[in-house]
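>>> Fold the following and give me the result.
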Amino acid sequence: MSGKNAPLALLVTDRGTRRLHALDAAARALGLYPGQKAADAAALVPELLTADADPDGDAAALVALGDWCVRFSPAVAIDAPDGLFLDITGVSHLWDGEAVMLDDLLARLAANDIPARGAVADTAGAAWALARYGGTRAMVAPPGGQAPMLAPLPVAALRLDEAATAQLPRLGLIRIERLRGLPRAQLTRRFGPLLVRRLDQALGQAEEALTYRRPPSPWFDRLAFAEPISQLDDLVRVAGDIAGRLCARLQAEGRGGRRFELTFHRLDGRAFPVRVGLSAPGRDARPLTRLFAPKLEAIDPGFGIDAVTLTAEGVEPISAAQGRLDNSRAAMAEEGLAALIDRLSNRLGEDQVWRAEAFESHVPERAVRAAAAMAPPAAAGWNPDRPRPVRLFAHPEAITAVAELPDAPPATFTWRGRRHRVRLAEGPERIAEEWWRKPVDAVRTSLVRDYYRVEDEAGGRYWIFRAGLYGDPEVTVRWWLHGVFA
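So this is what the prediction gives:
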């Protein structure tokens, strides 16, 4: 047998023994199998060619292949050592059906010298079994029809452990159909719970959790091109085209997205993702395209882009009045606050633009914190029964005040050299320091504040507090102005 057609095997060292790790079809046809000692294999097949396996390199290549498959589905799970799961729910219509999608995937892999088999089924277990033991390169099980297709397959198609896979055929249980009629309790007692669980998972009678490279999203669209594109103008144009398609779906469902990822897929398999975020859920393709456009200059098209995909994340219901990113005010699309926040955040970075956000604390200085402008609003908000001034000073300013009674609001106060006569007053609202921020023995009456909302004769409204309590010999009562109401 010539070297070109000689059987090939990859070897690994297992506890000091060289063993076969992977074999080509010719080596398998000669009766060799993974895990066999290399010395025994060489004795049986002297012409066997061998080379060292690279499991780490294989794992990295499988991950890279999974990232490449994002052009077919945003939900890709790694099935080591040699498989991938793609959740194609809601995306197969982009290829005019599951069979066409599978053929396209396998053809692209073959064009890159990656031999592969594939199957489409309702469950991951059924797809795994049909792809490896189905007999043909590509198989598609009709919805709910995986059971008849699984019946004639060997029990090894159920992804069992080595002991069960070897023992079942010795008992005459060669095919999956033989297992379905047997008492489940006896199967579990004899072979463990894995056998019954794998059978139920393959038939769709039990759930199976897959770990995806990214969370599955039904908000996905794809465009493929008859001829590759490479010009920046073409990239911008297709960005608008695919944004229009996905935004039309969002519009029809009454939803909007907070984040969008546009991925350009190059002919050589490399993917170039571009991400933008919105300060409020949106579904208007034109502003979205304008956010993408400046980032497309960094795309390296190489020999051409043959497909583009778009995924929406953070999708949530929005009212019909919010049909545009700028709350449907078309005249302010460029200058509206939301559009301005979006442009600045996507150009400068989300961590460079922030907004004030209410924080759950009754201490005024701690009731507001900086938050990313693109982050969803916090659940905590201002208590309407305890209004706070629009302008809160960073540091309270000392004032002099005169009150008729110790616990009464001030009748007059002087601030920045100007005397104000109080016409109306409301309060007090007592606020004390948060005791858990200081040692217990440091909590004193001097940390107590009594706040008043007052209005002077000129109509000005102020937030004034008295620090300390009368009657405490260790505390000097002082008055402060902390903010100004609108």
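>>> Where does pLDDT dip in the stretch 351-486 of the chain?
By pLDDT under 70, the weakly predicted segments of the stretch 351-486 of the chain are 376-384, 435-446, 471-472.
>>> residue boundaries of the strands in it?
Under the criterion DSSP state E, counting those that start in this stretch, the stretch 351-486 of the chain carries strands at the ranges 354-358, 368-372, 391-403, 410-415, 418-432, 448-456, 461-467, 478-484.
>>> Name the stretch among those strands that sits most buried.
For the strands of the stretch 351-486 of the chain, ranked by mean neighbour count under the definition mean count of other CB atoms under 10 Å, the leader is strand 461-467 at a mean of 22. Using the backbone N, CA and C atoms, a C-beta is placed for each residue, glycine as well.
>>> on that earlier part again, compile the strands of the stretch 351-486 of the chain into a markdown table and extend it with columns for distance to residue 134.
Shown next, in a markdown table, are the strands of the stretch 351-486 of the chain (distance: least, CB to CB, whole Å):
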| stretch | distance to residue 134 |
| --- | --- |
| strand 354-358 | 55 |
| strand 368-372 | 49 |
| strand 391-403 | 69 |
| strand 410-415 | 84 |
| strand 418-432 | 71 |
| strand 448-456 | 75 |
| strand 461-467 | 75 |
| strand 478-484 | 73 |
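>>> Looking at the ones you listed, spot the one closest to residue 100.
Ranking those by proximity to residue 100 (CB to CB) places strand 368-372 first, at 42.3 Å.
>>> State the distance from the closest residue in space to residue 164 that isn't next to it in sequence to residue 147.
What sits nearest to residue 164 in space, not counting adjacent residues and going by CB to CB, 6 or more residues apart in numbering, is residue 191, at 4.8 Å. The gap separating residue 191 from residue 147 is 21 Å, by CB to CB, to the nearest Å.
>>> And residue 100, by the same measure?
Separation of residue 100 from residue 147 (CB to CB): 25 Å.
>>> just to revisit the earlier point, between the strands of the stretch 351-486 of the chain, which gets nearest to residue 64?
Residue 64 lies closest to strand 368-372 among the strands of the stretch 351-486 of the chain, at 31.6 Å (CB to CB).
>>> before we move on, the earlier item: among residue 191 and residue 147, which residue is more densely surrounded?
The residue with more neighbours, out of residue 191 and residue 147, is residue 191; 20 against 17, by other CB atoms under 10 Å.
>>> Does that one touch residue 165 like I think?
No. Using CB atoms under 8 Å, residue 191 and residue 165 do not qualify as a contacting pair, with a distance of 10.0 Å.
>>> how about the strands of the stretch 351-486 of the chain, which one is nearest residue 93?
The closest of the strands of the stretch 351-486 of the chain to residue 93 is strand 368-372. By CB to CB, the value is 36.0 Å.
>>> Need the contact partners of stretch 111-119.
Stretch 111-119 has contacts (CB atoms under 8 Å, 6 or more residues apart in numbering) with 65, 102, 105-106, 109-110, 126-132, 134, 137-141, 269.
>>> per-residue confidence at residue 317?
Predicted confidence (pLDDT) at residue 317: the value is 89.
>>> Could you check how far residue 187 is from residue 171?
Distance from residue 187 to residue 171, by CB to CB: 11 Å.
>>> Could you check which of the two is surrounded by more residues?
Looking at residue 187 and residue 171 with other CB under 10 Å, you find the greater number of neighbours at residue 187, namely 18 against 10.
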